[in-house]
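1. Got a predicted structure plus its sequence, pasted below:
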Amino acid sequence: MKCFYHPDQALYAPPTFLLRGQPAPSPEGPVRAELLTQGLATAGLTLSAPAEADSPTLRKRLEQIHTPRYLTFLDTIYARWQALPNAAEVVAPNIHPCGGGYHYPRHPIGQAGWHLHDMACPLSATSFQGALASAASAEAAAEEVLNGAPTAYALCRPPGHHAGPERAGGFCLLNNSALAATVLRERFAKVAIIDVDLHHGNGTQDIFYHRSDVWTGSLHADPSDFYPFFWGGADEEGDEEGVGANVNLPLPVGSDGDVYLDALAVLIDHLQRYEPDAVVVALGLDAHKDDPLAGLTVETEAFIEVGKRLAALALPMVIVQEGGYPTEHLSANLAAFMQGFTA
């Protein structure tokens with residue numbers, strides 16, 4: 001299996017995020033890539049870099065899943081923010097259009113509140129460059145499968161599944177899994193995205209909620225009690241042409257590996273009934289019991305079974321790294337998944 005990572009992802013390195021009202025060290029940093037790379041090495045896999053971290057083709061594909069004004073915001077906000085009097089070194093909003101706004105603002109502060117859904121995405125001078133490199137890695141893996149490879153893996157950080165059409169959140173600026181599905185759609189009529197991250201992939205759901213050509217399914221900690229809180233209920237089944245093409249399986253916070261794997265079996269059954277031509281796996285490893293975001297209690301060994309069950313689908317497949325944050329187990333968790341997947 002070919003694996004992709006562009007080193008410019010290191011340019012995304014937020015020092016802190018807001019946790020329960022307090023600044024805390026951000027778990028989404030370059031060390032994640034180092035630990036995940038070690039996990040790949042344990043599994044006998046090496047990384048290749050995409051030729052470019054940004055390209056006109058990548059931008060055109062991103063425009064299929066994100067609005068033009070959102071991409072313009074990400075590209076320009078830092079310089080405009082720094083021109084404000086007494087501006088902080090990072091872009092961080094102090095106002096949000098809670099409940100939905102009617103007017104799109106011109107002012108940088110208003111635009112930051114519109115597009116940055118939470119306080120986990122402070123933007124520095126190089127944040128967008130790092131996010132583009134992450135997206136380029138997902139694009140390269142999808143192109144590998146588009147060109148005939150059975151599988152490919154993208155080491156993506158920042159992750160992407162909380163990024164919606166024009167919203168960043170949960171460390172995510174650009175939706176890498178949605179991008180991979182968009183690339184696969186250039187050849188395959190029906191694509192499924194199966195998200196096994198601790199958190200609901202609310203951005204991915206929003207992007208495809210009204211469509212039937214891309215099925216989205218997620219198992220995750222129950223949003224009644226866990227981030228992202230406002231999306232991810234079992235009653236969210238798609239709309240318009242997408243009715244029935246979105247499946248959510250919320251799990252009680254603290255659920256163990258048996259509950260997690262039982263839910264995965266149900267989710268795979270839904271996916272198979274959709275009969276996709278290709279699959280994107282949004283691979284979160286943060287369901288592990290010792291992950292710093294602590295929502296489920298899955299053991300490392302369970303990821304072997306996750307890999308086996310997804311490989312058994314025997315469909316063209318792109319694996320896109322989502323969550324999984326620095327612990328002594330993160331490398332082993334990815335190695336376990338790859339062990340099961342390649343067995």
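-> Sure, I can see it.

2. Mind listing what's buried along the helix or strand containing residue 17?
-> Assigned by DSSP states H and E, residue 17 falls within strand 16-19. Of the residues in strand 16-19, those scored as buried under the neighbour-count criterion (16 or more other CB atoms under 10 Å) are residue 17. No exception for glycine: its C-beta is placed from N, CA and C like everyone else's.

3. In its sheet, which strands sit next to it, and in what direction?
-> Using DSSP bridges, strand 16-19 pairs in its sheet with strand 22-25 (antiparallel).

4. can you pull the alpha-carbon coordinates of the strand it pairs with into PDB?
-> Included here for strand 22-25 are C-alpha records, laid out as PDB according to Å, rounded to 0.1, in the frame of the first residue of the first chain:
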ATOM      1  CA  GLN A  22      -9.100  27.800  29.500                       C
ATOM      2  CA  PRO A  23      -6.200  28.000  27.000                       C
ATOM      3  CA  ALA A  24      -4.700  24.500  26.800                       C
ATOM      4  CA  PRO A  25      -1.900  23.000  24.700                       C
END
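
5. Let me see the mean pLDDT of the strand holding residue 17.
-> Confidence for strand 16-19, expressed as mean pLDDT, is 92.

6. With stretch 121-132 instead?
-> Mean pLDDT, computed over stretch 121-132, is 97.

7. List of residues touching the strand holding residue 17?
-> Taking contacts as CB atoms under 8 Å, 6 or more residues apart in numbering, the residues outside strand 16-19 that touch it are 23-26, 28, 118-122, 171.

8. Mind doing that once more with 6 Å?
-> Strand 16-19 is contacted from outside by 23, 26, 119-120, using CB atoms under 6 Å, 6 or more residues apart in numbering.

9. cool, stretch 52-69 as well?
-> Counting contacts by CB under 6 Å, 6+ apart, the residues outside stretch 52-69 that touch it are 6, 8, 132-133, 136, 139, 165-166, 175, 178, 182, 207.

10. how about the strands in the stretch 151-300 of the chain?
-> Listed in chain order, the strands of the stretch 151-300 of the chain (DSSP state E, counting those that start in this stretch) span residues 151-154, 191-195, 214-221, 246-251, 278-283.
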